[in-house]
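> Whatever this is, show me its structure:
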Amino acid sequence: MTWEQMLVELNALVGKGGTPLVPWFNGKYVERIPYREYISGEYHSEGKQLKSDQFSKLLQRVRENPESVRETPYHLEDEIEAHMITVLSHVFAEVKERHLLDHTTKIADDQFLDVALVLAARFHDIGKPISRILKARGSKEDTESIVQYFAYDGHHVSGFNLLRSILTEDFMKKLLPDYDDTLREKTRLATLLYVYLHQRTSVPKQAVVTLREIILWASDGRISDFLDNLNLLLRADRRGSITLRTFTAEPYKDVKKFGDVPEFAYFGRSSSSHDVVLGIVDMLTRHDDIWYILPIGAPASGKSTFFKELRDGLAKYGITVGKVSYDTTRLNMYKKAFPESEDMPMNVLYEKAHTYATKHLKQMNDEYNKALAVARKKYDLVFVDNTNLTKKNKRRSLAGSSKYGLEIFFDLDIDTHVHRNLNRKQKGGKAVEESVIHQMYMLTNPPNSHENVHVIWWRQEK
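Predicted coordinates:
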């Protein structure tokens, strides 16, 4: 396939309707943004507070009269789709010039980073609409609205997660039929990393360093080439901007500053849970200081199921694994307070236990930390079975201590999460509302190798 043919195929996959967003993107969940402020009935802005009725009126005005919303001028184009296409044209022109391409030149295997760059340019701001927040200015009588894109951790995080669901196996095969599975996996991962790292206002230089092992794998060790492309994306994205932040390979030379380089292992869509267990065994033979395993994934991503396979698999090597989780702590607390609850259906029990623990938060945290300390003494490894989506979540899961561990990132699309959660609900097991799945999925930060934490990235298909 030539570069021009790839661009035609990309446009065909995107379709006339624009960016191929997951089905719920244009539905009711967009109206729930910003989640925290909207659900709590309060909206904080510049030290002021809008009560729920004021916020509802503001939101209604925006829906009825979109012209009343002034776009924050991060770029010169009027809308996000137009901006992404403009950035794509800048990047594609430079990539063509770089390779002196003509209409018969095929995309070479060693050009996969440039393919990832083109994809990232097309999708880099895909997370903006889903992460938008409304901000009020002026008096209560004459309130002006502007749009900003820093809900939660920023649009680079929501863009990263939306793209995980778009760049499916089928999508990548149609786009890159001449690449083998490994090259398509590397292209996909490099694209995700470009989108995650492109927001200069939110990603410090150290973020590139803490992701270094993942970048090393995704770039085939070509760190400088990877960062050159990231800078090209930044330049295309910030045309007309006064300032420009760039990334260099310099931080990678100062490894001692960030501790020993941890390990990173990638398991593609064809890998089984048994393969991942063997990968963990392999890591443990070289790192006997690992004491915990931290799974990262929204509800119904397969964390608890994997624990059972991990526990049985490591037992063959004489390695014991215990599990702690907030869910178990809540259940134990509730059953102790209400012994008659043993006969409740599991989904009802989980809901009541969660409500009870929320009212007794200090007790719940104390009980959880106690269980973590006991498990650490009793077992060789502790499987910390919480969602662990953000840095704050991870700190809380580990009671503040995050050194000497292994993170496992469950990389799968949103539809699979929803389908698995629905199966749980139909079987009367632990399930959450579909809107919660979407919210938590969008919060997910990719793993990084901070503080001697090793990483396994496990991509799964349906």
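
> Quickly list what residue 411 is bridged to.
Per DSSP bridges, residues listed as beta-bridge partners of residue 411: residue 459.

> per-residue pLDDT, it?
Listed pLDDT for residue 411 reads 93.

> for residue 19, same thing?
Note for residue 19: predicted pLDDT of 57.

> got it, and the one 3 residues further on?
The score at residue 22 is 41. That number is its pLDDT.

> next one: residue 312
If you check residue 312, the pLDDT there is 96.

> Tell me how many other residues surround it.
Residue 312: 11 surrounding residues under other CB atoms under 10 Å. (C-beta placed from N, C-alpha, C; glycine too.)

> for the helix or strand where it lies, packing partners?
Secondary-structure assignment from DSSP states H and E places residue 312 in helix 303-315. Where contact means 3 or more CB pairs under 8 Å, 6 or more residues apart in numbering; DSSP states H and E, helix 303-315 is packed against helix 273-286, strand 292-296, strand 321-324, strand 381-384, strand 405-411.

> Let me know the next secondary structure element after the third one.
Per DSSP H and E, strand 321-324 leads on to helix 326-337 as the next helix or strand towards the C-terminus.

> Give me the contacts around that following helix.
Contact partners of helix 326-337, identified using CB atoms under 8 Å, 6 or more residues apart in numbering, comprise 341-342, 349-350, 352-354, 356-357, 360, 363-364, 367-368, 371, 385-386, 430.

> now the helices: where do they sit in the stretch 51-200 of the chain?
Ranges of helices in the stretch 51-200 of the chain, per DSSP state H, counting those that start in this stretch, are 52-64, 80-99, 112-123, 155-166, 169-175, 181-197.

> got TSV for those, with mean neighbour count, mean pLDDT and distance to residue 266 too?
Shown next, in TSV, are the helices of the stretch 51-200 of the chain (neighbours: other CB atoms under 10 Å; pLDDT from 0 to 100; distance: least, CB to CB, whole Å):
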stretch	mean neighbour count	mean pLDDT	distance to residue 266
helix 52-64	14	48	42
helix 80-99	17	79	25
helix 112-123	25	94	14
helix 155-166	24	86	14
helix 169-175	16	91	15
helix 181-197	23	94	7
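
> Show me where the stretch 301-450 of the chain dips below the pLDDT cut-off.
Along the stretch 301-450 of the chain, the parts satisfying pLDDT under 70 run over 401-402, 449-450.

> which non-adjacent residue is nearest residue 168?
Excluding its sequence neighbours, the residue lying closest to residue 168 (CB to CB, 6 or more residues apart in numbering) is residue 413, at 6.5 Å.

> how close does that neighbour sit to residue 90?
As for residue 413, its distance to residue 90 is 29 Å (criterion: CB to CB, to the nearest Å).

> Ok, residue 197 next?
18 Å.

> The chain - how does it break down into domains?
Under the assignment automatic domain parsing, the domains of the chain span 3-252, 260-459.

> Off-centre distance for the shortest one?
Right, domain 260-459. Relative to the chain's own centre, domain 260-459 is displaced by 16 Å; criterion: CA atoms, centre = their mean, to the nearest Å.

> Could you do stretch 226-236 as well?
21 Å.

> repeat for stretch 2-9
On CA atoms, centre = their mean, the centre of stretch 2-9 falls 28 Å from the chain's centre.

> got TSV for the helices of the stretch 51-200 of the chain, with distance to residue 229 too?
Output for these, formatted as TSV (distance: least, CB to CB, whole Å):
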stretch	distance to residue 229
helix 52-64	37
helix 80-99	9
helix 112-123	4
helix 155-166	16
helix 169-175	18
helix 181-197	7
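
> So which of these is nearest residue 453?
helix 181-197 (17.5 Å; CB to CB).

> what distance separates that closest one from the centre of its chain?
The answer for helix 181-197 is 13 Å, by CA atoms, centre = their mean.

> tell me what that helix is packed against?
Packing partners of helix 181-197 (3+ CB pairs under 8 Å, 6+ apart): helix 112-123, helix 155-166, helix 169-175, helix 212-218, helix 223-237.

> could those go into TSV alongside distance to residue 327?
As requested, the helices and strands packed on helix 181-197 are exported to TSV (distance: least, CB to CB, whole Å):
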stretch	distance to residue 327
helix 112-123	35
helix 155-166	23
helix 169-175	31
helix 212-218	29
helix 223-237	39
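
> rewinding a little: pull out the buried positions in the helix holding residue 312.
By neighbour count on 16 or more other CB atoms under 10 Å, the buried set for helix 303-315 is 303-304, 306-307, 310-311, 313-314.

> and what of stretch 428-435?
The neighbour-count check on stretch 428-435 (16+ other CB under 10 Å) flags 430-432 as buried.

> now residue 272: how far from residue 353?
For residue 272, the distance to residue 353 (CB to CB) stands at 33 Å.

> For the two, work out which one has more neighbours and name it.
Neighbour totals were compared for residue 272 and residue 353, and residue 353 leads with 24 against 10 (other CB under 10 Å).

> right, and residue 398 touches residue 291 too?
No: using CB atoms under 8 Å, residue 398 is not in contact with residue 291, being 9.8 Å away.

> what residues are shared contacts of those two?
Counting by CB under 8 Å, 6+ apart, the contacts common to residue 398 and residue 291 are residue 405.

> ok, these two, which is more surrounded?
Set residue 398 next to residue 291 and count neighbours by other CB under 10 Å: residue 398 wins out with 20 against 17.

> Return the residues in contact with the more buried one.
Contacts of residue 398 (CB under 8 Å, 6+ apart): 292, 294, 372, 384, 405.

> Just the buried ones from these?
Looking at the contacts of residue 398 with 16+ other CB under 10 Å, the buried ones turn out to be 292, 294, 372, 384, 405.

> Report how many residues lie close to residue 421.
Neighbour count for residue 421, taken as other CB under 10 Å: 22.

> what about it, which helix or strand?
Following DSSP H and E, one finds residue 421 within helix 414-426.

> any idea of the angle that helix forms with helix 303-315?
90 degrees (axes from the mean of the first three to the mean of the last three CA atoms, to 10 degrees).

> Could you list every helix and strand in contact with helix 414-426?
When contacts are defined as 3+ CB pairs under 8 Å, 6+ apart, helix 414-426 packs onto helix 155-166, helix 434-443.

> As JSON lines, those with distance to residue 127 would be great.
Converted to JSON lines, those look like this (distance: least, CB to CB, whole Å):
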{"stretch": "helix 155-166", "distance to residue 127": "3"}
{"stretch": "helix 434-443", "distance to residue 127": "8"}
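
> picking up where we left off before, looking at the helices and strands packed on helix 181-197, which is nearest to residue 325?
Relative to residue 325, the nearest member of the helices and strands packed on helix 181-197 by CB to CB is helix 155-166, separated by 22.7 Å.

> Kind regards, and thank you for your time.
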